[in-house]
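Q: Below are the sequence and a predicted model for it; my questions follow.
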Amino acid sequence: CSIMEAYEDVKESSGYALDVASKIYNTALIKIARQIDTWVEGVSDPVCTEVRNLGARHDFPRPIVVFNPLSFDIEMPVRVYHPSEKVTDCDGNNVLFQNIRSSRSNDSHLDTLFMAKVPAMGYATYWLSFEAETPEQKSALTCGQADDVFFMENDLIRVEFTKEAGGISKLVDKASGIEYANLAVPTVIDDHETDTWAHNVFKFHNIKGLMDVKSIELVEQGPLRASVRIKYTFNTSTLTQEFCLTEGKKVIRVKCKANWSEQFTMLKIPFNIGGTDAISTYEIPCGYIKRPCNGEEEPTQQWADITSTINGKRAGIAVINDSKYSYDCPDTTLRLTAIRNVIFADHYSHRPDADFNFTDEGMQRFEYAIFPHEGEVENTEIMKLAAKFNCRPVAVAESYHKGSGRPQKDSFLEITADNIIATAFKFCEDGSGDAVIRCFETQGKKTRTYIMCDMLDAAFKVDFLPHEIKTFRIDAEGKVDEVNFLEGIVK
């Protein structure tokens, strides 16, 4: 916490750091993409060294290179800023896609959303055709409206919404058969009694009211993704939640836009699962921690979870976030703290009539995701889901060129165990040219894995203890040493 003016300094300094990192990242991706052979015979006559992506005739497919920065394979939707009639992968196989409304215009401009499969810490090339016969697309994703109920459904879950419920009226996990009700209903909490830091206050349960639903509409209905948008008001504050379900996926992505003016309030998004013997779980650096469901506000990183015994089996809901790091869990309800709008730098002081600055007033955008699961959350893929939610693939619209012969699909790192994730793959800080790979175990299990990197001419076997973090230093000859966090620079 700080005074409002300090955030202007932070915005500038962090903006500079993000700009530098973005330029380095962009340069690296383009350098790799330029090495890929994306030439199409006939795209230019006479043959030249390069033809720009949109410089060819419309009957030629456009190459899009999708990069995966994570240490495991991914399969998830990717958006590019062109409409398409057909999408294929580098082997010529048809890829599930749909055209969606562009954010850049209020008319008929469209983008393409397609399902990309990209290998670990690697890339894959896809081809978008502007003039082609759209192939038949097989999908189990359905959506629609029946009376007052809006719904989205795929092979794994069914989600229903009603204006009366104010959010998700029903969520059915098809694998377990468990049904959850009345989820994600925005709840406003009165927060007049605390200061900026809420010193000595650990529970925020004074409910001021629920946000009013103004409208529900089905905004996307395609073979790849369906979306339902709900708009809310509370006095002069507004909130939009757009719930998105993807074909073949169990995660519901929720895109939020809030314009908040309600002073001395919190906005919480609750998920009540019912059941008995509930336990809440929160991500911590390279691990997780179990906490009692006592209603106290708790910090977390990318996700939190509530699991209980329901109909004789353990099941629950994890809530992933992209920028909101506090939850509470009274009994069997996990609540994401989305907004806390109190006065800057207020130490339980006298509050005279003044035009105070409030911490969360105004416009903000954020996202969270809902993941229903069976069993304890640490035995699921929650760590990978959270990583994919916060570190998404990058699509590069590439030109036509021969490159240096690099294949249209490649991976720079392979880790054979599903519960081992790499958090760093970089050069050593001593300038030696050695590479450093840092990994951790995600599920609390003893694990043996193989780590392979052709680029470094290295392949090795390693054993991890539960929750263990390990750092490996690889020299130019492919020799591997296990080192500490100081990378072996300090012995």
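A: Thanks, I have the structure now.
Q: low pLDDT regions in the protein?
A: For the chain, the stretches flagged by pLDDT under 70 are 1-2, 44-56, 106-107, 491.
Q: What is the neighbour count of Lys208?
A: 16 (other C-beta atoms under 10 Å). C-beta: built from backbone N, CA, C; applies to glycine.
Q: likewise Phe371?
A: Neighbours of Phe371 (other C-beta under 10 Å): 23.
Q: So for the helix or strand harbouring it, what gets flagged as buried?
A: Using DSSP states H and E, the element containing Phe371 is strand 362-374. Of the residues in strand 362-374, Phe366, Glu367, Tyr368, Ala369, Ile370, Phe371, Pro372, His373, Glu374 count as buried by neighbour count, 16 or more other C-beta atoms under 10 Å.
Q: Also stretch 414-434?
A: Within stretch 414-434, the residues that count as buried by 16+ other C-beta under 10 Å are Glu414, Ile415, Ala417, Asn419, Ile420, Ile421, Ala422, Phe425, Cys428, Asp434.
Q: next one: stretch 203-211
A: Buried-residue list, stretch 203-211, by 16+ other C-beta under 10 Å: Phe204, Lys208, Met211.
Q: show me the contacts for the first one.
A: It stands for Phe204. Ile189, Asp191, Ala198, Met266, Lys268, Glu297, Asp328, Thr337 (C-beta atoms under 8 Å, 6 or more residues apart in numbering).
Q: Just the ones in strands from those, please.
A: Counting by DSSP state E, the contacts of Phe204 place Ile189, Met266, Lys268, Asp328, Thr337 in strands.
Q: which of these count as buried?
A: Buried, going by 16+ other C-beta under 10 Å: Ile189, Met266, Lys268, Asp328, Thr337, out of these.
Q: Bridge partners for the last one, pull those for me.
A: In this structure, Thr337 has beta-bridge partners Lys268, where bridges are defined by DSSP bridges.
Q: What separation is there between it and Pro119?
A: For Thr337, the distance to Pro119 (C-beta to C-beta, to the nearest Å) stands at 37 Å.
Q: Also Phe344?
A: 47 Å.
Q: Over to Asp305?
A: 29 Å.
Q: Same check on Ser227?
A: Taking C-beta to C-beta as the measure, Ser227 and Pro119 are separated by 28 Å.
Q: ok, those two, which is more surrounded?
A: Ser227 (21 against 17).
Q: Quick one: residues contacting that one.
A: With the criterion set at C-beta under 8 Å, 6+ apart, Ser227 makes contact with Met152, Leu218, Val219, Glu220, Glu242, Phe243, Cys244, Leu245.
Q: Filter those residues down to just the ones in helices.
A: The members of those all map outside helices under DSSP state H.
Q: Nearest to Arg448, out of those residues: which one, please.
A: Closest approach to Arg448 among the contacts of Ser227 (C-beta to C-beta): Leu245, at 36.8 Å.
Q: Leaving aside the residues adjacent along the chain, what's closest to that closest one?
A: Met152 (4.3 Å; C-beta to C-beta, 6 or more residues apart in numbering).
Q: Distance from the chain centre to stretch 226-237, please.
A: Distance, stretch centre to chain centre, for stretch 226-237: 21 Å (C-alpha atoms, centre = their mean, to the nearest Å).
Q: And for stretch 245-260?
A: 10 Å.
Q: Ends of that stretch, what's the gap?
A: End-to-end span of stretch 245-260 (C-alpha to C-alpha, to the nearest Å): 27 Å.
Q: All the strands of the stretch 201-350 of the chain, residue numbers only.
A: Remark: strands assigned in the stretch 201-350 of the chain by DSSP state E, counting those that start in this stretch are 207-210, 212-221, 225-234, 237-246, 252-260, 265-272, 276-284, 287-291, 298-299, 303-310, 313-321, 326-328, 333-341.
Q: what residues are up against the residue nearest to Leu245?
A: Met152 sits in contact with Leu141, Thr142, Cys143, Arg158, Val159, Ala226, Ser227, Val228, Phe243, Leu245, where contact means C-beta under 8 Å, 6+ apart.
Q: Contact partners for the closest residue to Glu297 other than its chain neighbours?
A: Excluding the flanking residues, the one nearest Glu297 by C-beta to C-beta, 6+ apart is Asp328, at 4.8 Å. Contact analysis of Asp328 by C-beta under 8 Å, 6+ apart lists Lys203, Phe204, Lys268, Gly295, Glu296, Glu297, Glu298, Leu334, Arg335, Thr337.
Q: Equivalent analysis for Ala165, please.
A: Ala181, Asn182, Val185.
Q: are any of these buried, and which?
A: Applying 16+ other C-beta under 10 Å to those flags Asn182, Val185 as buried.
Q: Mind checking which of the contacts of Ala165 are in helices?
A: Counting by DSSP H, these contribute nothing to helices.
Q: Reformat the contacts of Ala165 as TSV; add distance to Glu75.
A: TSV is the format used below for those (distance: C-beta to C-beta, whole Å):
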residue	distance to Glu75
Ala181	30
Asn182	31
Val185	31
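Q: State the three-state secondary structure for the spatially most central residue of the chain.
A: In the chain, the C-alpha nearest the mean C-alpha coordinate belongs to Phe389, at 1.3 Å (C-alpha atoms, centre = their mean). Classification of Phe389 using DSSP: H, G, I helix; E, B strand; the rest coil returns helix.
Q: Quick check: it touching Ala318?
A: No: counting by C-beta atoms under 8 Å, Ala318 is not a contact partner of Phe389; they are 10.8 Å apart.
Q: what's around Ala6, how many residues?
A: Residues near Ala6, counting by other C-beta under 10 Å, number 12.
Q: swap in the one 10 residues further on?
A: Using other C-beta under 10 Å as the criterion, Tyr16 is surrounded by 10 other residues.
Q: SS state for it?
A: Assigned by three-state DSSP, the conformation of Tyr16 is helix.
Q: which residues sit in contact with it?
A: Contacts for Tyr16 (C-beta under 8 Å, 6+ apart) come out as none.
Q: how close does it get to Lys23?
A: Remark: distance between Tyr16 and Lys23 (C-beta to C-beta) = 11 Å.
Q: just Leu210 next, same as before
A: Applying C-beta to C-beta to Leu210 and Lys23 gives a distance of 45 Å.
Q: Next: Arg340.
A: In terms of C-beta to C-beta, Arg340 sits 34 Å off from Lys23.
Q: How is Thr27 assigned, secondary-structure-wise?
A: Relying on three-state DSSP, one would call Thr27 helix.
Q: Tally up the residues packed near it, please.
A: Thr27 has 10 nearby residues by other C-beta under 10 Å.
Q: for Ile284, same thing?
A: Using other C-beta under 10 Å, Ile284 has 12 neighbouring residues.
Q: follow-up on the earlier one: so what's the gap between the strand holding Phe371 and the chain middle?
A: The answer for strand 362-374 is 9 Å, by C-alpha atoms, centre = their mean.
Q: partner strands of it, parallel or antiparallel?
A: strand 252-260 (antiparallel), strand 313-321 (antiparallel).
Q: I'd like these as JSON lines, with mean neighbour count appended.
A: Converted to JSON lines, these look like this (neighbours: other C-beta atoms under 10 Å):
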{"stretch": "strand 252-260", "mean neighbour count": "20"}
{"stretch": "strand 313-321", "mean neighbour count": "23"}
